[in-house]
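Trainee: quick check, what structure comes out for this input:
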Amino acid sequence: MEAILLGAPWLIAHRSMLGINKPYKITLNGQDYVLWQNQQGEVFALDNICPHMQAPLSDGWICSDRGTIACPFHALEFDGQGRLHNAGKVGSQPLTSPLELVIQDDCIWTYGGYTPKIPVPNLISTLSAGMSFLGVAGEKSIRGTFVDSISINYDYNHQNGTHRELFGIKANRIPVFEHDGYHAQVVQELDRADSTWNDILKNPVVLTAPKTYTGILEYAFPALTTFRADFPIGEVLQVHALYPETATQTKTFVLVYSQPKHPIFKPLMGRFILSAVGTVVEQDTRAIETSYPHQPAKIRLPNEEIMFHAQKLYREW
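Mentor: Numbers count the residues shown, from 1 in each chain. Reported below is the predicted structural model:
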């Protein structure tokens, strides 16, 4: 397939998603890769195809003493440069291609082998300074194009329907929308309806949200959407990552950070917020996957210029 947004930096994983000595498969722009992390914390990535008989290396295992990945068919070993290790000898030339990675603050980025067009954004390190990493939520492959998937992150009306039961939003105001190149910032003020006991049982995190709260969203197009909000129990930061797996499939996951007002709140934030984020991703995914093919819109809603801005960046890339 033709690469989507050629030269864009893609956040493909967080170090916590790899484990230690465990192969981790990703697909980026139609190409499969295998990532792994050794005991020393070094991260490597290769084309996922063994050059012998085309077995998927991600089905193999990591040889911890050498830091190599072994093919599941014949136990052939390859190092992070793609060189064959055999009978104590190391090949002089790579037999399978490595994928160049950029690692910042445990976040693993790549340009997918293409010449960079824009730098890797520093948005995560800037916003998460002083916060604790809670974990990864909502890791999912979405049956939808990248532009459809990114559009929902810039859509400031869909929470009124898609997330109606989860958050009970009854009013939504956007006092600030600013953009400069591939960066944008939005301030969103939300009013919630009164929570019922059934709401609380289904989503206890609603107990931590005030009736009216302000969320600050920042974007690093095309890979990141961040959401920050200050709740009574502490500040929460969500980092939504997207990258194109194929022309019709998009990968997403969310990094969640927090700064609790008191240490006793940290386990509560971790448990309930990760769960709520996972539910949001499931609901957004369903909205994308169940929509009919696009037709010209006959209705215009408030604040849609924010979504149109993202679509314009995509078209004019």
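
Trainee: then stretch 172-183 to CSV, C-alphas only?
Mentor: Below are the C-alpha coordinates for stretch 172-183, written out as CSV (Å, rounded to 0.1, in the frame of the first residue of the first chain):
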residue,chain,number,x,y,z
ASN,A,172,-20.5,21.5,25.9
ARG,A,173,-18.7,24.8,25.4
ILE,A,174,-15.5,25.5,23.5
PRO,A,175,-14.2,28.9,24.6
VAL,A,176,-10.7,28.4,23.0
PHE,A,177,-9.5,26.9,19.8
GLU,A,178,-6.0,27.8,18.7
HIS,A,179,-3.7,26.2,16.1
ASP,A,180,-0.2,26.8,14.8
GLY,A,181,1.0,24.4,12.1
TYR,A,182,0.6,20.8,13.4
HIS,A,183,-0.1,21.8,17.0
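
Trainee: can you name the residues in contact with it?
Mentor: 118, 121, 123, 156-157, 159-160, 184-191, 218-222, 302-303, 305-306, 309, 313 (C-beta atoms under 8 Å, 6 or more residues apart in numbering). Glycine gets a C-beta too; all of them are placed from N, C-alpha and C.

Trainee: and the strands in the stretch 201-317 of the chain?
Mentor: Remark: strands assigned in the stretch 201-317 of the chain by DSSP state E, counting those that start in this stretch are 212-220, 224-231, 234-246, 249-260.

Trainee: how about the nearest residue to F253, chain neighbours excluded?
Mentor: E139 (4.0 Å; C-beta to C-beta, 6 or more residues apart in numbering).

Trainee: so that neighbour touches S16, yeah?
Mentor: No: in this structure E139 lies outside contact range of S16 using C-beta atoms under 8 Å: 11.0 Å.

Trainee: re earlier: residues in contact with the residue nearest to F253?
Mentor: 17, 251-253.

Trainee: make CSV from the residues you listed and add neighbour count, distance to E165 and pLDDT to it.
Mentor: Formatted as CSV, the contacts of E139 follow (neighbours: other C-beta atoms under 10 Å; distance: C-beta to C-beta, whole Å; pLDDT from 0 to 100):
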residue, neighbour count, distance to E165, pLDDT
M17, 19, 29, 97
K251, 23, 26, 98
T252, 21, 21, 98
F253, 21, 23, 98
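
Trainee: about what we covered before: got the phi/psi numbers for the residue nearest to F253?
Mentor: Phi and psi for E139, reported as degrees, to the nearest 10, are phi -70, psi 120.

Trainee: number of nearby residues for the nearest residue to N303 once chain neighbours are set aside?
Mentor: In space, and not counting its chain neighbours, N303 is closest to Y156: 4.4 Å by C-beta to C-beta, 6+ apart. For Y156, the count of nearby residues is 21 (other C-beta atoms under 10 Å).

Trainee: what do you get for P98?
Mentor: When neighbours are counted by other C-beta under 10 Å, P98 comes out with 18.

Trainee: quick one, what contacts it?
Mentor: P98 touches 44-46, 80-82, counting by C-beta under 8 Å, 6+ apart.

Trainee: try 7 Å
Mentor: Counting by C-beta atoms under 7 Å, 6 or more residues apart in numbering, P98 touches 45-46, 80-82.

Trainee: so what's it bridging to?
Mentor: Listed beta-bridge partners, P98: L46 (assigned using DSSP bridges).

Trainee: what about it, distance to Q37?
Mentor: Computed as C-beta to C-beta, to the nearest Å, the P98 to Q37 distance reads 15 Å.

Trainee: for Y111, same thing?
Mentor: According to C-beta to C-beta, Y111 and Q37 sit 20 Å apart.

Trainee: please apply the same query to A87.
Mentor: According to C-beta to C-beta, A87 and Q37 sit 26 Å apart.

Trainee: tell me which of these two has more neighbours.
Mentor: Legend: neighbour count by other C-beta under 10 Å for A87 and Q37, higher for Q37 (23 against 4).
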